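*Asks:* return atomic coordinates for the entry below.
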Amino acid sequence: MQRLYDFIRRHPTGVDSFWAVFLLGISGMTIVVGDVGHGGRAERLAIVPIVIGLSVVVALRRRAPEKMLLLAIAMGVAQLGFGVRPTTANFAMLVITFTVATVGERWASRLALTCSLCAAALSQLRWPNSEPSGLMEKLFVVVVMTVPFVLAWVLGDSMRTRRAYFDQLEERAARLEREREAQSKVAVAAERARIARELHDVVAHNVSVMVVQADGAAYVMDAAPDQARQALETISGTGRQALAEMRRLLGVLRTGDAPETGEYVPQPDVDQIADLIEHVRAAGLAVDFKIEGTPRPLPSGVELTAYRIVQEALTNTRKHGGPNAGASVRLVYFDDGLGLLVEDDGRGAAHELYEDGGADGAGHGMIGMRERVGMVGGTLDAGPRPGGGFRISVLLPLKPAT
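*Replies:* Model prediction:
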């Protein structure tokens, strides 16, 4: 049944042509076996072109509804002029009335309604009943013949209104989707700008350390060669780390920066996660914090990313977890990476937070997480956890992705 419906939707003109041929055949049989076309020479000459014209109206009603309405009106006027009595082909007038009321121009719809209200009365005047009847009986016949045309027009106009309503809903949904995509792009751009500023501070801090170490090495070069050598090694390591951060910085569009203050300070690192959790606990959120593995120095970008991920995850727990939610934070040191697992037992976050773009209506937190993790070549998995609540799992490599 669905295939038949799909075929009808794909070939509307073909389906209408089939019904036009059917209507032409029925009308031809009516002419042969009935008394239509036997009233005079003019009627016999006009009956065939009129029936064919009305069949064409049915065949092309959806391809050119306004033109087919004018053709139907012309065929009706010809019927009145040549005295051709109504036949089965006149059903085409009912069909074209419905069609123009549904998909035609407004002027065509009004014209079809006007003709529908006048057709029955003109038919009664042109072909009155052979038996005498009163005025009320004639009015009753006119009303009965007019009602189907009016109902066809009302049904078509209702379908037009319904289609316009659905088209408006589709257009509104498409507009909202475009606006949502635009908001996501703006959020990504803003987050990248913020990441660029933070990485800029990290690199500037490393360069400042290099300058201080270089000055110290130059000062003790002759008096303490071992200290000078150690300072040079520190400069070398810090320089490599700064170059790695600069590589991550490339390609990040930096827009809307705040005015420079002239003072560069290190960004938060992994060691400050404990202080962050204590601050969150003081705000009323129960947090269980554990460190697994052997802590060791990490690249500044990885430490900054880890800190921001934990910060944003606990913020989301406070916002979406509910009044009695609790959270746990696991920091795992692997040989080649740093793992983060942040879970809560609250009511969880909305689906849009972790699937449909990540916009949370305020800080676009999930977008920021994905951007940060992507900057250091890591992976992030976020979503509801079994038993309720929300889980964020992150793996940050210690070596930048090539």
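
*Asks:* any weak-confidence spans in the stretch 301-402 of the chain?
*Replies:* Within the stretch 301-402 of the chain, the ranges that satisfy pLDDT under 70 run 348-365, 399-402.

*Asks:* quick one, helices of it?
*Replies:* Taking DSSP state H, counting those that start in this stretch as the criterion, the stretch 301-402 of the chain carries its helices at 351-354, 365-375.

*Asks:* from the middle of its chain, how far away would the longest one be?
*Replies:* In terms of Cα atoms, centre = their mean, to the nearest Å, the centre of helix 365-375 is set 22 Å apart from its chain centre.

*Asks:* what helices and strands are in contact with it?
*Replies:* Secondary-structure packing of helix 365-375 (3 or more Cβ pairs under 8 Å, 6 or more residues apart in numbering; DSSP states H and E): helix 135-220, helix 300-320, helix 351-354, strand 379-384, strand 390-397. Just so you know, the C-beta spots here come from the backbone N, C-alpha and C atoms, and that holds for glycine as well.

*Asks:* could you save those as CSV and add columns showing mean neighbour count and distance to residue 48?
*Replies:* Converted to CSV, the helices and strands packed on helix 365-375 look like this (neighbours: other Cβ atoms under 10 Å; distance: least, Cβ to Cβ, whole Å):
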stretch, mean neighbour count, distance to residue 48
helix 135-220, 15, 25
helix 300-320, 22, 76
helix 351-354, 18, 65
strand 379-384, 16, 72
strand 390-397, 21, 77
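
*Asks:* need the ones you listed in TSV (columns: distance to residue 58).
*Replies:* Output for those, formatted as TSV (distance: least, Cβ to Cβ, whole Å):
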stretch	distance to residue 58
helix 135-220	13
helix 300-320	60
helix 351-354	49
strand 379-384	56
strand 390-397	61
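
*Asks:* so residue 63, which of the three states?
*Replies:* Three-state assignment for residue 63 (DSSP: H, G, I helix; E, B strand; the rest coil): coil.

*Asks:* so it makes contact with residue 14?
*Replies:* No: using Cβ atoms under 8 Å, residue 63 makes no contact with residue 14, being 11.0 Å away.

*Asks:* residue 68 sits in which helix or strand?
*Replies:* Remark: residue 68 resides in helix 65-82, with elements defined by DSSP states H and E.

*Asks:* which residues does whichever helix or strand comes after that helix contact?
*Replies:* Using DSSP H and E, the next helix or strand after helix 65-82 towards the C-terminus is helix 91-103. Around helix 91-103, the neighbours that count as contacts under Cβ atoms under 8 Å, 6 or more residues apart in numbering are 23, 54-55, 57-58, 61-62, 65-66, 68-69, 72, 76, 108-109, 111-113, 115-116, 119, 148-149, 152-157, 159-160, 163.

*Asks:* could the C-alpha coordinates of helix 91-103 be exported in CSV?
*Replies:* Taking C-alpha atoms only, helix 91-103 is exported to CSV below (Å, rounded to 0.1, in the frame of the first residue of the first chain):
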residue,chain,number,x,y,z
PHE,A,91,-17.7,16.0,-12.8
ALA,A,92,-14.5,17.7,-13.9
MET,A,93,-16.0,21.0,-12.8
LEU,A,94,-16.3,19.6,-9.2
VAL,A,95,-12.7,18.3,-9.4
ILE,A,96,-11.2,21.6,-10.7
THR,A,97,-13.1,23.5,-8.0
PHE,A,98,-11.4,21.4,-5.3
THR,A,99,-8.0,21.7,-7.0
VAL,A,100,-7.8,25.5,-7.4
ALA,A,101,-9.1,25.9,-3.8
THR,A,102,-6.2,23.7,-2.7
VAL,A,103,-3.2,24.7,-4.8
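
*Asks:* surely residue 61 and residue 68 touch.
*Replies:* Yes: at 5.0 Å, residue 61 counts as touching residue 68 under the criterion of Cβ under 8 Å.
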